[in-house]
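> sequence? don't have it. structure:
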């Protein structure tokens with residue numbers, strides 16, 4: 001793969017599928033190359049590093065949505081040479097990140113210095129092995145004061161056995177997006193429970209056909225609906241235990257709720273990022289449970305729903321009647337630094353900038369930054385813009401603290417399993433509740449392939 005410096009242009013590599021080799025631990029490779037800069041406690045980084053080359057460029061992998069982060073960094077730090085490659089970011093559990101790193105491990109060379117992944121569960125594999133890809137970040141490499149600046153809990157998905165291996169880009173809690181102007185026009189009340197949500201969906205289908213209250217057309221649908229419903233179908237115990245209980249009453253109840261709304265037509269099976277979704281549902285999205293980053297990716301995006309100012313609100317997560325509200329998390333993304341990097345100082349400077357600097361996280365980022373001070377300013381900007389209806393800042397902040405902790409981060413993608421096992425069967429007309437046993441089997445098989453003991 002040829003590389004060019006950031007000033008000379010970009011390179012792209014295509015989407016790569018999952019392969020069976022993903023389950024095989026990385027080969028034991030020397031991290032030192034021709035002589036390391038110290039191991040463990042002797043290293044200023046907390047791990048055995050390559051011989052450092054202070055002027056060497058860093059290679060950074062990002063998805064297309066994070067290209068503005070690289071642009072902002074190179075503008076702020078023109079003295080740091082960056083080779084940038086765009087890839088799919090592991091979207092929908094494609095496994096491209098892990099596939100490429102596995103190949104580089106086998107070859108003994110080729111690793112990038114920095115990688116952005118949309119999948120928070122990548123830390124589970126990138127942090128393991130005799131020579132893991134991901135560098136530990138809290139063993140002397142980054143200042144603890146900087147790490148403490150992240151919103152409490154933001155780094156939990158990237159913490160393995162008490163060590164931080166990645167920095168979160170943004171918080172992706174699920175909120176209840178709704179169009180206030182349509183609720184006013186139709187005379188509806190915004191639901192606060194899943195039961196009210198189902199009732200409203202049926203009413204909308206009858207009284208205003210063509211308008212929708214949700215979508216299950218993307219691979220992250222389980223993280224929106226089943227995680228928010230507190231369904232115990234993605235449970236990780238310790239480092240090697242996994243369970244998925246599709247017979248749990250909560251799991252079944254959510255599946256039946258979605259079946260009912262899919263049948264009515266008010267929950268659709270289109271991906272929110274398909275041109276067809278935009279064509280059919282612009283101006284007709286009454287409600288859409290989804291992550292905070294829908295704010296910039298969908299509603300304020302001129303190429304997507306492009307909702308008029310003052311119409312869209314981010315409501316609080318829904319709850320089962322009589323229970324406390326909980327919510328799921330859809331990505332948010334993680335930045336990793338490679339233990340193989342020969343310019344760890346430049347990689348550190350890059351990560352500090354893209355996760356916390358106002359130039360990117362406050363001024364350009366489409367979602368709520370994971371870094372607390374940037375998050376406060378980002379919310380302030382949204383409030384000042386007057387774009388969103390309702391109390392956007394308060395509701396988003398509340399939702400960020402309601403992510404249910406019963407959903408784990410295994411070494412495989414829940415999204416990929418759902419997309420392969422459930423999505424095509426739903427499209428063929430099968431009921432979600434009838435697909436639960438097959439879904440459970442697929443998850444358990446994937447867990448076993450990845451070295452988990454299924455409980």
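Everything's here; your move. Bear in mind that the values here come from a model prediction, so they are computed numbers and not experimental data.
> any regions of this protein where pLDDT drops low?
For the chain, residues meeting the criterion pLDDT under 70 lie at 1-42.
> could you rerun that using 50?
Within the chain, the stretches with pLDDT under 50 are 1-39, 41.
> what's the domain layout of it?
11-171+331-381, 174-329+390-454 (automatic domain parsing).
> just send those back as TSV, with mean neighbour count too.
Backbone N, C-alpha and C define where each C-beta goes, glycine included. As requested, those are exported to TSV (neighbours: other CB atoms under 10 Å):
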stretch	mean neighbour count
domain 11-171+331-381	19
domain 174-329+390-454	19
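> list the contacts of residue 228.
174, 289, 317, 318, 326, 327, 328, 404 (CB atoms under 8 Å, 6 or more residues apart in numbering).
> which of the residues you listed sits closest to residue 367?
Closest to residue 367 out of the contacts of residue 228 is residue 174 (12.3 Å), distances taken as CB to CB.
> SS state for that closest one?
Per DSSP: H, G, I helix; E, B strand; the rest coil, the secondary structure class of residue 174 is strand.
> surely it meets residue 221?
No - using CB atoms under 8 Å, residue 174 is not in contact with residue 221, being 10.8 Å away.
> strands along the stretch 101-250 of the chain, start to end?
114-117, 159-160, 163-164, 167-168, 170-171, 174-179, 214-215, 235-237, 241-243 (DSSP state E, counting those that start in this stretch).
> separation between residue 373 and residue 146?
Using CB to CB, to the nearest Å, one obtains 11 Å as the distance from residue 373 to residue 146.
> what is in contact with those two at once?
Joint contacts of residue 373 and residue 146 (CB under 8 Å, 6+ apart) are residue 356.
> what about the longest helix in the chain?
As assigned by DSSP state H, the longest helix anywhere in the chain is helix 432-449.
> just checking, what packs against that helix?
Applying 3 or more CB pairs under 8 Å, 6 or more residues apart in numbering; DSSP states H and E, we find helix 432-449 packed against strand 241-243, helix 249-264, helix 414-421, helix 423-427, strand 453-454.
> need the contact list for residue 333.
Counted by CB under 8 Å, 6+ apart, residue 333 has contacts 66, 89, 116, 117, 118, 120, 168, 169, 170, 172.
> can you pull up the most central residue in the chain?
Note on the chain: the residue nearest the mean C-alpha position is residue 331, at 1.0 Å, using CA atoms, centre = their mean.
> that one touches residue 291, doesn't it?
Yes - look at residue 331 against residue 291 with CB under 8 Å: they come within range, at 6.8 Å.
> intersection of neighbour lists for those two?
Common contact partners of residue 331 and residue 291 (CB under 8 Å, 6+ apart): 172, 220.
> coming back round to it: distance to residue 58 added to the helices and strands packed on helix 432-449, as CSV?
Shown next, in CSV, are the helices and strands packed on helix 432-449 (distance: least, CB to CB, whole Å):
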stretch, distance to residue 58
strand 241-243, 35
helix 249-264, 44
helix 414-421, 29
helix 423-427, 37
strand 453-454, 39
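> out of the ones you listed, which is closest to residue 78?
Of all the helices and strands packed on helix 432-449, it is helix 414-421 that lies closest to residue 78, at 37.5 Å by CB to CB.
> so what touches that closest one?
The contact list for helix 414-421 (CB under 8 Å, 6+ apart) reads 18, 92-95, 119, 121, 219-223, 234, 435, 438-439, 442-443, 446.
> distance of the residue nearest to residue 75 when sequence neighbours are not counted from residue 453?
In space, and not counting its chain neighbours, residue 75 is closest to residue 359: 7.5 Å by CB to CB, 6 or more residues apart in numbering. The spacing between residue 359 and residue 453, counted by CB to CB, is 46 Å.
> residue 192 too?
Plainly put, residue 192 is 39 Å away from residue 453 if you go by CB to CB.
> again, but for residue 178
Distance, residue 178 to residue 453, by CB to CB: 42 Å.
> could you do residue 177 as well?
39 Å.
> then residue 156?
For residue 156, the distance to residue 453 equals 22 Å [CB to CB].
> same check on residue 251?
Using CB to CB, residue 251 is found at 21 Å from residue 453.
> enumerate every residue touching residue 256.
Residue 256 makes contacts with residue 433, as judged by CB under 8 Å, 6+ apart.
> please disregard the earlier target; I meant residue 320.
Residue 320 touches 193, 194, 195, 229, 230, 250, 253, counting by CB under 8 Å, 6+ apart.
> which residue, other than its chain neighbours, is closest to residue 382?
Nearest residue to residue 382, sequence neighbours excluded (CB to CB, 6+ apart): residue 392, at 5.7 Å.
> my error: substitute residue 397 in the last question.
In space, and not counting its chain neighbours, residue 397 is closest to residue 379: 7.0 Å by CB to CB, 6+ apart.
> mind checking what secondary structure the one you found has?
Three-state call for residue 379 (three-state DSSP): helix.
> now residue 355
Recorded secondary structure, residue 355: helix (three-state DSSP).
> show me the helices in the stretch 151-300 of the chain, by range?
180-186, 194-207, 221-225, 249-264, 275-281, 294 (DSSP state H, counting those that start in this stretch).
> orientation of the second one relative to helix 249-264 in degrees?
On the basis of axes from the mean of the first three to the mean of the last three CA atoms, to 10 degrees, helix 194-207 is oriented at 10 degrees to helix 249-264.
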